[in-house]
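Novice: Pasting the sequence and the predicted model now:
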Amino acid sequence: MRVAGAGTPPVVTRPSAGGLLAAAHPGPAVAVATVAALLAVDAGLPAGTAVVVTGAVLTGHLTLGWANDLLDLPRDRAVGRADKPLTTGRTSTRAVATALAVAALACVVLSVALGWRSGLVHLVLGIGSGQAYNLGLKRTALSWLPYAVTFGTLPAVVGLAADVPAWPPWWLVAAGAALGVGAHVVNALPDLADDLRTGVRGLPHRVGEPVARPLAAALLVAASLLAAFGPAGVPAAWVWPVLLVVVALAAVALAGRGRTPFRAALAIALLDVVLLVAAG
């Protein structure tokens, strides 16, 4: 949502807990944490370990959302982002910074509790690469790389937390990376013009919307194909209807406007994990 005219101040409202939560981008954070939980179930992790994995991923992605809105505040004010709680006064920089610090501490504690292998991968490759995006990579041609690393290594966070730590198979890492890059592209589409006005020129901005949309759709479908055909054995008959749903959601990502394509990407992510869990 935008106010009329770039740079026009949004309507100021009162701070609220809802505003603080909205600044964390809770939808993507909960979706990724849900993916982690399903992967933990599929890996056969003990219930306690699965809860810790889910908590580590959730708190880590909350830090990414809060840091993103804090760092983007000058840009968001410049283009009149009326959908950002910090620009409208629904929350304050102090509240977001405090919440960010608490979530970061919780993420570190939970990650360390998973063991040094899983914790290191999560903190450095998962959350660290995401913060690198917030801190500057989003403005470069490598804007896709943090998404590929964060999503690609999520299965490793789970696998390395097991009693017998194991790195996931290549196709699972590739599926996560393709899904992450596809999500990055569709998430950037609604803000291409505003981003360009404020100096952000990531991969989607450089290739332009006519290329970015089909690229995102292709990546999302590729991730699902890897999830469906990567496991050993012949896919079950029900896999084909699921893939048809994925294609339909990819079409939404291709043709939709606003945040609808990103929501379609998150739905595809959950379907991919369902494919993996059901395949055993």
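Specialist: On my side now, so go ahead.
Novice: what's the following helix or strand after the host helix or strand of Gly65?
Specialist: Using DSSP states H and E, Gly65 sits within helix 47-71. Using DSSP H and E, the helix or strand that follows helix 47-71 in sequence is helix 73-78.
Novice: Mind checking what helix or strand follows that next one in sequence?
Specialist: Next along the chain after helix 73-78, taking DSSP H and E as the criterion, comes helix 85-88.
Novice: Same question for the next helix or strand after that following helix: list its buried residues.
Specialist: Downstream of helix 85-88, the first helix or strand assigned by DSSP H and E is helix 93-113. Buried positions in helix 93-113, judged by neighbour count with 16 or more other C-beta atoms under 10 Å: 95-96, 99-100, 103-104, 106-108, 110-113. Yep, even glycine has a C-beta here, placed from its N, CA and C like the rest.
Novice: Kindly report the same for stretch 213-228.
Specialist: Neighbour-count burial for stretch 213-228 [16+ other C-beta under 10 Å]: 213, 215-217, 219-228.
Novice: Measure how far it is from the centre of its chain, please.
Specialist: Taking C-alpha atoms, centre = their mean, to the nearest Å, one finds stretch 213-228 lying 15 Å from the centre of the chain it belongs to.
Novice: Need the CA coordinates for it. PDB is fine.
Specialist: Presented in PDB, the C-alpha positions along stretch 213-228 are these (Å, rounded to 0.1, in the frame of the first residue of the first chain):
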ATOM      1  CA  ARG A 213       8.200 -13.000 -13.200                       C
ATOM      2  CA  PRO A 214       8.800 -16.100 -15.400                       C
ATOM      3  CA  LEU A 215      12.200 -16.700 -13.700                       C
ATOM      4  CA  ALA A 216      10.500 -16.800 -10.300                       C
ATOM      5  CA  ALA A 217       7.800 -19.200 -11.600                       C
ATOM      6  CA  ALA A 218      10.400 -21.500 -13.100                       C
ATOM      7  CA  LEU A 219      12.400 -21.600  -9.900                       C
ATOM      8  CA  LEU A 220       9.300 -22.400  -7.800                       C
ATOM      9  CA  VAL A 221       8.300 -25.200 -10.100                       C
ATOM     10  CA  ALA A 222      11.900 -26.500 -10.200                       C
ATOM     11  CA  ALA A 223      12.000 -26.700  -6.400                       C
ATOM     12  CA  SER A 224       8.800 -28.800  -6.400                       C
ATOM     13  CA  LEU A 225      10.100 -31.100  -9.000                       C
ATOM     14  CA  LEU A 226      13.200 -31.700  -7.000                       C
ATOM     15  CA  ALA A 227      11.100 -32.400  -3.900                       C
ATOM     16  CA  ALA A 228       8.900 -34.800  -5.800                       C
END
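Novice: Format the CA atom coordinates belonging to stretch 162-176 as CSV.
Specialist: What follows is stretch 162-176, C-alpha atoms only, in CSV (Å, rounded to 0.1, in the frame of the first residue of the first chain):
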residue,chain,number,x,y,z
ALA,A,162,19.9,-35.3,14.8
ASP,A,163,21.6,-37.8,17.2
VAL,A,164,23.7,-38.9,14.2
PRO,A,165,24.3,-35.6,12.4
ALA,A,166,24.0,-35.8,8.6
TRP,A,167,24.2,-33.3,5.8
PRO,A,168,21.1,-33.5,3.5
PRO,A,169,21.2,-34.9,0.0
TRP,A,170,22.2,-32.4,-2.8
TRP,A,171,18.7,-32.4,-4.3
LEU,A,172,17.2,-31.2,-1.0
VAL,A,173,19.7,-28.4,-0.7
ALA,A,174,19.0,-27.5,-4.4
ALA,A,175,15.3,-27.5,-3.8
GLY,A,176,15.6,-25.2,-0.9
